[in-house]
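Participant: how would this look folded up:
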Amino acid sequence: MIRLLVSIVVELLASAIGLIVAAWALEDMTLQAEGFLIAVVIFAVATALFQPFFMKMTLQRARALSGGVALIASLAALIVTSILTESLTINGIWTWVIAAVIVWAVSMIAVFLIPVLLVKMGIESAQARNN
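Facilitator: Below you'll find the predicted structure:
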């Protein structure tokens, strides 16, 4: 149960970081503070739902595309998030494409780094308590 909760927190943090970096880097993408948490949750849930769906489709029809499933899921999740919330707006086809790439790449890196940082903080905290 704790592992599931940590996994959810990591995914939410990674999605938040990815969206923030993309909005910061792209002039035609805005992410408003007042609906930020809702946008992050919608994006993370949509990504979690789309990835298995797209993976199944690619394995059945086009195995060569299976590596890009997370990227496609990120684009689909951005579209859903933009439709369901006014907190995320993206203008222009290239901004959509680049935003998907940025969010996908940053989120992927964050998913690997956040657990490492959490473990490091836990070890440091335990050492501080023992001293």
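Participant: could you pull out the helices for the protein?
Facilitator: Secondary structure of the chain, counting by DSSP state H: helices at 2-25, 36-61, 69-84, 93-130.
Participant: Next, the angle from the second one to helix 2-25.
Facilitator: Note on geometry: by axes from the mean of the first three to the mean of the last three CA atoms, to 10 degrees, helix 36-61 and helix 2-25 are set 100 degrees apart in direction.
Participant: Name the residues of helix 36-61 that are buried.
Facilitator: 36, 39-40, 42-47, 50-51, 54-55, 58 (16 or more other CB atoms under 10 Å). All C-beta atoms are positioned from the backbone trio N, CA, C, and that covers glycine.
Participant: Same check on the longest one?
Facilitator: Judged by neighbour count (16+ other CB under 10 Å), helix 93-130 contains these buried residues: 95-96, 98-100, 102-107, 110-111, 114.
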